[in-house]
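>>> Return atomic coordinates for the entry below.
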Amino acid sequence: MTTLTLIASIAFSIQSSPEVAVGSYESLLKQFGVIGPFRLQTLGLGDGSEQSVGSIVVTDRDGARYTCYKSGPKGAIRAIYRDSESEALQRGLTHPLKDDRILRRVRGWISSMTGNRTLRTSEFTSDGRVGSAYFPILKNGYPFVGSGHDFGYWVNFSVPDVRFLRLTCDENLPEVDSAPPLLTEKQAVARLENIFTTEIAPENLQKHHWITSFKLGQSPTLGYYKATGDRLARLVWRIPYFGSRDVGYAIQGGTNAMLIDARTGKQVHTETVP
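Numbering: from 1, shown residues only. Okay, the predicted model is just below:
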C-alpha cells in the first residue's frame with residue numbers, strides 16, 4: 001500500500017464499521033505515544049458525499065480530547081488535534097530544532113503512517129514550546145510548489161516532552177505532466193533576471209515612475225505547479241526573491257517569488273505570490 005497506510009484503513013473502516021473505525025483511530029493515536037485507555041465521546045460518520053464531513057472524538061487516560069476530522073466519500077483524514085487547535089500554534093520567534101531525540105520520534109510517527117509514499121522532510125522548528133515539521137509528498141522525486149500546493153503532512157508537538165498536538169494532511173495530488181525539466185537552476189534564475197530587467201522594471205518605471213530592483217532569496221525549488229484551468233501540474237522553478245521599489249518618498253519592498261516553466265523558460269503567472 002503506497003498511500004497513508006493507517007489513515008487509509010481508518011477511512012475505509014469509517015464507512016464499513018463504526019467500531020472498527022474507532023479502534024483504528026485509537027491504534028493510530030497509540031503510535032503517536034498517546035496513552036489509553038480511550039473513551040469515545042462523539043462519532044459522526046457523515047453521509048458519504050463529496051462534501052461530507054465526519055468526526056471522531058475520544059479522550060485518553062488523562063482526559064485529554066483527540067478530535068479527528070474526515071471528509072469525502074472515502075472518509076479521508078484531514079486533521080487530528082489534541083484538545084483545542086490553538087494549543088498547537090507556535091507563538092513568537094521560531095528557531096531550527098536540532099534535537100536528534102525529538103526528530104527521530106516525530107519521523108517515526110510519520111514513517112509508521114505513510115508506508116512506501118515518498119516524502120521529504122522540511123526543517124523542524126520550535127518556539128520553545130511547540131515544535132512543527134512538514135513532510136511534503138514527492139511525485140517523480142519532486143515536491144509540489146506554490147500557494148495552495150502544499151500536499152503532505154504537517155505535525156505539531158510539544159517541546160521538549162514530544163507530546164502529539166496536531167496532524168493535518170492533504171493527499172489529494174493533481175495529475176502531473178511527467179516530462180523531465182529542460183532548464184537548469186542557473187538558466188531559470190537567468191530567465192527571472194531577464195524578465196525583471198526587461199519587463200517588470202521598465203513597466204513600473206513607465207506606469208508609476210518607480211525604480212524597481214530585486215535580490216535573490218532562498219534557493220530555488222524545482223517542483224510541480226498546477227495553474228488555474230490546466231489539467232495537469234507541470235514542472236516549474238520556484239525562485240524566491242526580495243523586491244524593492246523607490247516610489248519617491250520611500251523605499252518599499254517585500255518577499256516575493258516567480259515561477260519559471262522548467263521546459264519552456266516562460267514565466268508562469270499566478271494570482272497571488274506563489
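>>> who are the neighbours in contact with the residue nearest to Pro274 when sequence neighbours are not counted?
Once flanking residues are discounted, Pro274 sits nearest to Gly146: 4.1 Å by C-beta to C-beta, 6 or more residues apart in numbering. For the C-beta atoms, the positions are set from N, CA and C on the backbone; glycine is no exception. Neighbouring residues of Gly146 by C-beta atoms under 8 Å, 6 or more residues apart in numbering: Tyr225, Val236, Arg238, Leu259, Thr270, Pro274.
>>> Restricted to strands, list those residues.
Among the contacts of Gly146, the ones falling in strands (DSSP state E) are Tyr225, Val236, Arg238, Leu259.
>>> Which one (most neighbours) among those?
With neighbours taken as other C-beta atoms under 10 Å, the top of the ones in strands among the contacts of Gly146 is Val236, carrying 31 neighbours.
>>> Give me the distance between the residue nearest to Pro274 and Tyr66.
Remark: distance between Gly146 and Tyr66 (C-beta to C-beta, to the nearest Å) = 32 Å.
>>> before we move on, what about Ser126?
Taking C-beta to C-beta, one finds Ser126 at 22 Å from Tyr66.
>>> Look up how far Tyr249 lies from the residue nearest to Leu259 when sequence neighbours are not counted.
Of all residues not flanking Leu259 in the chain, Val268 sits nearest, at 3.9 Å (C-beta to C-beta, 6+ apart). Computed as C-beta to C-beta, the Val268 to Tyr249 distance reads 34 Å.
>>> which of those two has more neighbours?
Val268 (19 against 6).
>>> Surely that one touches Ala227?
Yes: assessed by C-beta atoms under 8 Å, Val268 is found in contact with Ala227 at 6.1 Å.
>>> secondary structure element for Met113?
Using DSSP states H and E, Met113 maps to helix 100-114.
>>> my read: Ser71 touches Ser49, true?
No: using C-beta under 8 Å, Ser71 is not in contact with Ser49, being 9.7 Å away.
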